[in-house]
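Peer 1: Kindly generate the corresponding structure for this input.
(one chain, ligands or ions: 1)
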Amino acid sequence: MDKLKGMTALITGATRGIGRGIMEAFAREGAELFLVARGAALEDAVKHCRDLGLKADGLAGDVGDPAFAKTAVDKCVEVFGKLDILVNNAGITRDSLLVRMKEADFDEVIRVNLKGAYSFMQSAAIVMMKKRYGRIINVTSVVGQTGNAGQANYAASKAGVVGMTMTAARELASRNVTVNAIAPGFITTDMTGGLQDKVKEKLLESIPMGRFGSVEDVAGAAVYLASGDAGYVTGQVISVNGGMAMGV
Ligand SMILES: NC(=O)c1ccc[n+]([C@@H]2O[C@H](COP(=O)([O-])OP(=O)(O)OC[C@H]3O[C@@H](n4cnc5c(N)ncnc54)[C@H](O)[C@@H]3O)[C@@H](O)[C@H]2O)c1
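Peer 2: All right, here's what the predicted structure looks like:
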């Protein structure tokens, strides 16, 4: 408890799934929360945090729009006076085999998953560098490390996030801003809910722990990276995958 007390965290895609799990875990650790997501669900999420007695605010919009990223970071700083932790979690899939993949689906996944993370990191880094303090956490995927049939666009976006994480870690380390990534394996959320049972069974065979992960499994890693415990950890990718892809 209270590992993040007094810290201001901006979380993208905070209304459901992994982002919501991270929001709940950060709330339990006493963080002030600035939430970003698409649509009306955002207001409910902000209200939920306020009902827990926390300072919370948010902004609805499209993370793939660089102007929105700047506006969201500016609003966070306006409301809380600072930004200590950025979690780039919002992400989408538009799956199909490479030979059938539509250019628009390739572009959209790169725009949201990779460009979105870039835009938020850029705006947040400017604020954090001035303060000589910051924690940036990017949610990538095991798929960015191993590839996955039907996900050329998604795998490219997530591998791109890893390269960008390590680059930013090198650029920001001297200003006491750490930049790390979390690579979840298969986590039970709406994103994976649509998988066919046959596909799920096959996936389970590839997971040494024999189960899909929970959003709490991922949130625990996010709390660690955001907390003082990880002060000397930067440029790393923490895999939370039940042993699915060891040694990558
Ligand atoms: N579920 C998994 O098994 C799994 C595995 C590895 C990585 N991930 C990654 O974890 C992250 C969260 O995944 P999830 O399973 O919770 O997904 P989800 O679909 O349940 O939730 C995604 C969230 O992102 C938001 N979002 C999506 N596009 C957005 C946009 N353009 N602008 C603003 N907000 C947007 C949605 O509003 C939602 O809050 C994603 O980056 C995903 O790639 C998920």
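Peer 1: can you map out the strands along the chain?
Peer 2: 8-12, 32-37, 56-60, 85-88, 134-139, 177-184, 237-240 (DSSP state E).
Peer 1: could I get these as TSV with distance to S119?
Peer 2: Where C-beta positions appear, they are placed from N, C-alpha and C, glycine not excepted. Shown next, in TSV, are those (distance: least, Cβ to Cβ, whole Å):
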stretch	distance to S119
strand 8-12	10
strand 32-37	11
strand 56-60	14
strand 85-88	9
strand 134-139	12
strand 177-184	15
strand 237-240	21
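Peer 1: Let me have those in a markdown table, extended by mean neighbour count and mean pLDDT.
Peer 2: Formatted as a markdown table, these follow (neighbours: other Cβ atoms under 10 Å; pLDDT from 0 to 100):
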| stretch | mean neighbour count | mean pLDDT |
| --- | --- | --- |
| strand 8-12 | 27 | 98 |
| strand 32-37 | 28 | 98 |
| strand 56-60 | 20 | 98 |
| strand 85-88 | 29 | 99 |
| strand 134-139 | 26 | 98 |
| strand 177-184 | 26 | 98 |
| strand 237-240 | 20 | 98 |
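Peer 1: Tabulate the ones you listed (TSV), appending distance to the ligand.
Peer 2: Below are the strands of the chain laid out as TSV (distance: least, Cβ to the nearest ligand atom, whole Å):
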stretch	distance to the ligand
strand 8-12	6
strand 32-37	4
strand 56-60	8
strand 85-88	8
strand 134-139	4
strand 177-184	4
strand 237-240	9
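Peer 1: tell me the contacts of F212?
Peer 2: 185-188, 192, 200, 203-204, 242 (Cβ atoms under 8 Å, 6 or more residues apart in numbering).
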